[in-house]
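J.: what would the 3D arrangement of this be:
(chains A, B, C and D)
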Amino acid sequence: MAEQQAPVVMMEEIVSLEYTTLATDVGIRFMDCLIEGRIIGHKSKQSGLVYVPPKGYCLMTGSPTTADDEVEVSDHGVVTGFTIIEPIQYPGQEETERYVQAQVLLDGASSALGLCRIQDIPFEEVRAGLRVKAVWRPPEDRQQTIVDSWGGRAISSCIQHWVPSGEPDADPASIAKNMY
Amino acid sequence: MAERCAVLGGGQTHHRRVRDDVSIAGMLREAAERALADADMDWSDVDAVVTGKAPDPFEGIMMPELYLTDALGGTGKPNIRVHTAGSVGGSTAVVASHLISSGVHERVLTISWEKQSEGDTTWGLSGGRSGGTGAGGAFAPYMLRYRENSGAPENTGFRVALKDRRNALKNEYAHLKLANLTEEAIKESPLLWYPVHRLESCPTSDGAACMILGNEKAARAHSKPVAWVRGTAVRSELGQFPGRDPVDPQAGRDCAADVYRQAGISDPRKDLDCVECYVPFSWYEPMWLENLHLAPKNEGWKLTMEGVTELDGDLPLNMSGGVLSTNPIGASGMLRFLEASMQVRGVAGEHQVDGASLALGHAYGGNAQYFAMWVVGSDPD
Amino acid sequence: MDRPSENFTLALKYKRTLGPVVGAFLTGLRDGRLVGIKTAEGRVLCPPLEYDPANGQRTGELVDLPDNGTVESWSWVSEPQRKHPLERPFAFATIRIDGADSALVHAVDAGSRDVMAAGLRVKAQYAEERTGRMRDLECFVPIA
Amino acid sequence: MADILDLPRDVAIVAFSQVPSVAQETRTEAQMLVESINGVLEQSGIDRREIGFTVSGSCDYLTGATFTFVQMLEATAAWPPISESHVEADGAWAFYEGWVRLLHGDIDSVLVYASGKSSLGNQQEVMSLWLDPYYLETLGVDMFSYAGLQAQAVLNAGKGKESEWAEIAGRSRRDALSNPNAQVRGEVDPAELLREDYLRGPLRPHACPPVSDSAAAMLITTAEKAAKLGVEPVYVRGIDHRADPHYFGVRDLSVSESARIAGEKAAAKAGFGPGDVDVAELAAMYPHEEQILVDALGLGDGVRLNPSGGALAANPVMVTGLLRIGEAYNAIRSGSARRALAHAQSGPCLQQNLVCLLEGGNG
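T.: Below is the predicted model:
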């Protein structure tokens, strides 16, 4: 250790912490249904709104929802908003190619799912109002995962991506106030 | 309110991609010492400290204001830490102003900061382990929707970016200083999240902003011009819910209406002399012009295209160069509030709007769901 | 019922710029010496703090200090954890370095809890490989 | 420096609801908060849309994610949009912000809430992350170790004994028997506790807090609003919080200067002091912290300490302080106290302390 080395001006440190996330009852039920190829939500008695994934409460009234409030929704829906992403490289980023990310409002649901990948359509034809359907992963590939608040990881573990369903576009007015 | 509140002094760091010459404490002190000097005060004059920053994992320190107590002269004093996503710098100033206007304290130091270079904020902004695409990916669908709804021409965004980057050249503290830009160059820059190009996006910065707030007695005793806080407001709504309009969030509209009401503003487009608002991606200028009741629905872009928001326009917006030029996330909101105060104090230097006497500072965050605003004036009423 | 769970490790790298005061202390450790700093009132803080905790004023002149100090308080760790500085039982301690008016927090390799006492004299022991980090100072050891 | 003591208006707690503290909660924090918030709405009869301001406390690092408070906001059913803020701190500091907000007079009610699930991470390691990032965190000083340093300082100063710590732990667990929301309870023989091996000498497991998950909500209002709601108010007569220097090598760890100042400042506002209360709920996570706080606040023999069982019986980090205020409120509401003190803390080795003095409506 020579005394004449340059002064120390920086230090690097890895902060590492270990966490365990436990599945919730509503999350377990949502996941089990997804693995069976079904998408469920909770329909609030107070507001009549259907939340997918179910959260165990109604966002608009603050009242709890339970298994009694369970409803099944379609795996067809409509794109309510989207962007085309040029992936920025950062730790944990697995994407390298440009892709379409959209919000999809499923038939029977009141709120759109975020972070849906749209495929089988040229970038310039993607639009709000586009009707899409889920492309499910083969049953043997569907992975159990913990359901987070938006349900994104659980859904992508069972649904590969979304493609145009061929149905006519939705009326713009019907989605104007349903981006989420 | 029980007491009037005024900004007695303000200070900020020179913002850079990496402030490699200072520790975190040293960086905060740079802003704080400038603010104290501006307020003609010493650490012993400060009654309480209110700090704000974005998520702690950005720098890997939990509640770093605890470690910063010494640097903020906080021994024996109250110290509150605010965190409300991207709006935090604004919310922090609001909380600090309430310590004055409630009558609890006479002089409060408030400071917000981020040292983004220490860690990886893209990871954090993408929701950490829940994955995602960063703020640009989250906001792009709303900007796209705005463009479609309003029929605004594509170069609205380029025009905003060009203006803010020009303004930044006049701000000695700004981070990004890009001279000789053209709309063409902005258009040619990579398209990151359709419709947003790289040069229409904010950088990541290291920096801090600080203000000294005082009550009427302290303000009257101060020898320099002060900025009187004429109104403060915060509003939050859920990030995702059925029927939400994320392009023109109700929380922003309500927040603006509330702060104008407090300030006695009936026609904000006419009454405000300038606006410093949180525009991290260029399209947010026209969107916020509408949300802030400064333009009719779907017509905000016209103000941009007509040059109204230029530094010498009728309603200058983001005189400092804005978030597009300087973005230490936790401090970004407070920089907006600070700039508004500098304008009405007449101390904004090269980016001063002549005769500005009433200004709006604005910040937002989360999924465009958290809002904080204040109106400051050169007169108390 | 066996409830599903997921483990994950949040591991992120941070690059901390040190500034002149923290940098001087870590430079000292790398070079195998302890550095303190004087406050305006002339108190010596080791480790050197950038701002006087008593009043927020900037601290001033850096001073070199000896490797010896006196234990003030301690906490005995009989089963060291993964982030601890030593793998054998040790004490975290507050140690007043000779010539300093404040205590340094570090590990004392005392062998047994019974050795620990207020007033115990200890000496810094440096790591072989030093890169300018807190752990360049491996631990303190009792002075026989 | 100046503190303004002549504050204009009476602020009162009118409702408090907590989710029982448990070692591992299986619901989300938002679900727990739905229960807590609905609890205070029910107790007070207030419509959620009447609430003038909402403020919460929580901490991202407990979960290991960012912006976690955004999900918690869902529990408020924030529509139409609400006036709302958040502190990255114990809910007691959110309570303080709510108290400040009520002094303005333009609103008459504030909802305060807090949540925390310490069970998700390794609490000892998480709680070392609030140490300074250069000198302390890099040494891996975990939360029991820095607490142990303070405990030994108390022993060295002759201000406490290990046998007293066992008595305090025994008292906490006994008191927790009558608190359905507590987590660690039972009749224990202090002599038995002293036979435990040291966790971090001089701290044995019984002198350390459990890992807890919980959530709580509180409604505070002006006196006029409390009367309108027809609920019995408990007045916030004085509240203050102060900080000590961070690096604990520069502090005398056997005393708490910041708690002392906070107690004095709160007393100056209240017109009565910590020594004048019937009950004190202290956020002492360790028995030696209780001893330091009793000294700093001047709590005499007549003050009943932690009848809820305190933080040794349940320590949901980020909620613990708000729970103390809630339990002090409960003590007054139940008639077991006329005046009560609540305390909250933050930072390593009692770095930051908050003191709140409460008084019943007939006080």
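J.: all contacts plus neighbour counts: C-alpha atoms, from now on.
T.: Will do.
J.: is chain D contacted by the longest helix along chain A?
T.: The longest helix of chain A (DSSP state H) is helix A:25-35. Yes. Against chain D, helix A:25-35 shows contacts by C-alpha under 8 Å from any C-alpha of the partner chain at residue A:25.
J.: what do you get for stretch C:90-100?
T.: Yes. Stretch C:90-100 is in contact with chain D by C-alpha under 8 Å from any C-alpha, via C:92, C:93, C:94, C:95.
J.: tabulate those (a markdown table), appending neighbour count and secondary structure.
T.: Below are the residues of stretch C:90-100 next to chain D laid out as a markdown table (neighbours: other C-alpha atoms under 10 Å in any protein chain shown; DSSP: H, G, I helix; E, B strand; the rest coil):
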| residue | neighbour count | secondary structure |
| --- | --- | --- |
| C:92 | 28 | strand |
| C:93 | 28 | strand |
| C:94 | 28 | strand |
| C:95 | 30 | strand |
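J.: so residue B:231 is in contact with residue B:372, correct?
T.: No. Residue B:231 is beyond contact range of residue B:372, at 10.9 Å (criterion: C-alpha atoms under 8 Å).
J.: can you give me the strands in chain C?
T.: C:5-17, C:34-38, C:44-45, C:62-65, C:68-77, C:90-97, C:103-108, C:121-126, C:137-142 (DSSP state E).
J.: picking that back up, is chain B within reach of the longest helix of chain A?
T.: No. No part of helix A:25-35 sits near chain B under the criterion C-alpha under 8 Å from any C-alpha; the closest distance found is 15.0 Å.
J.: mean confidence (pLDDT) on that helix, please.
T.: Helix A:25-35 shows a mean pLDDT of 96.
J.: what does stretch A:39-47 give?
T.: For stretch A:39-47, the mean pLDDT works out to 97.
J.: the closest residue to residue C:123 other than its chain neighbours: how many residues sit nearby?
T.: Spatial nearest neighbour of residue C:123, excluding adjacent residues (C-alpha to C-alpha, 6 or more residues apart in numbering or on different chains): residue C:68 at 4.4 Å. By other C-alpha atoms under 10 Å in any protein chain shown, 20 other residues sit near residue C:68.
J.: touching, residue C:68 and residue C:122? I think so.
T.: Yes. Contact criterion C-alpha under 8 Å: residue C:68 and residue C:122 qualify, at 5.8 Å.
J.: check what pLDDT the closest residue to residue D:45 other than its chain neighbours gets.
T.: Here the nearest residue to residue D:45 in space, its sequence neighbours aside, is residue D:229; by C-alpha to C-alpha, 6+ apart that works out to 6.7 Å. Residue D:229 is assigned a predicted lDDT (pLDDT) of 97.
J.: wait, what's in contact with residue D:229?
T.: Contacts of residue D:229 were listed using C-alpha atoms under 8 Å, 6 or more residues apart in numbering or on different chains, and they are D:44, D:45, D:46.
J.: repeat for residue B:360
T.: So residue B:360 contacts B:272, B:274, B:275, B:276, B:277, B:337, B:340, B:373, B:374, B:375, B:376 (C-alpha under 8 Å, 6+ apart).
J.: pull out the buried members of those.
T.: Neighbour counting with 16 or more other C-alpha atoms under 10 Å in any protein chain shown marks B:272, B:274, B:275, B:276, B:277, B:337, B:340, B:373, B:374, B:375, B:376 as buried within these.
J.: what packs against the helix or strand bottoming out on mean pLDDT in chain C?
T.: When the helices and strands of chain C are scored by mean pLDDT, DSSP states H and E, strand C:5-17 comes last with a mean of 92. If contacts are counted by 3 or more C-alpha pairs under 8 Å, 6 or more residues apart in numbering or on different chains; DSSP states H and E, strand C:5-17 sits against strand A:10-22.
J.: can I get the strand it packs on as CSV, trimmed to CA atoms?
T.: The C-alpha coordinates for strand A:10-22 follow below in CSV (Å, rounded to 0.1, in the frame of the first residue of the first chain):
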residue,chain,number,x,y,z
MET,A,10,-15.6,7.1,-4.6
MET,A,11,-16.8,3.8,-3.2
GLU,A,12,-19.0,1.1,-4.6
GLU,A,13,-21.4,-0.9,-2.6
ILE,A,14,-23.9,-3.6,-3.2
VAL,A,15,-26.9,-3.3,-1.0
SER,A,16,-28.5,-6.7,-0.9
LEU,A,17,-31.7,-7.5,1.0
GLU,A,18,-33.8,-10.7,1.0
TYR,A,19,-37.5,-10.6,0.9
THR,A,20,-40.3,-13.2,0.8
THR,A,21,-43.7,-12.4,-0.6
LEU,A,22,-46.6,-14.5,0.5
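J.: okay, buried residues for that strand please.
T.: Neighbour counts over strand A:10-22 (16+ other C-alpha under 10 Å) mark A:10, A:11, A:13, A:15, A:17, A:18, A:19, A:20, A:21, A:22 as buried.
J.: in JSON lines: the residues you listed, plus pLDDT and distance to chain D.
T.: Shown next, in JSON lines, are the buried residues of strand A:10-22 (pLDDT from 0 to 100; distance: C-alpha to the nearest C-alpha, whole Å):
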{"residue": "A:10", "pLDDT": "96", "distance to chain D": "10"}
{"residue": "A:11", "pLDDT": "96", "distance to chain D": "9"}
{"residue": "A:13", "pLDDT": "93", "distance to chain D": "8"}
{"residue": "A:15", "pLDDT": "92", "distance to chain D": "9"}
{"residue": "A:17", "pLDDT": "94", "distance to chain D": "7"}
{"residue": "A:18", "pLDDT": "94", "distance to chain D": "6"}
{"residue": "A:19", "pLDDT": "95", "distance to chain D": "4"}
{"residue": "A:20", "pLDDT": "94", "distance to chain D": "5"}
{"residue": "A:21", "pLDDT": "91", "distance to chain D": "6"}
{"residue": "A:22", "pLDDT": "92", "distance to chain D": "7"}
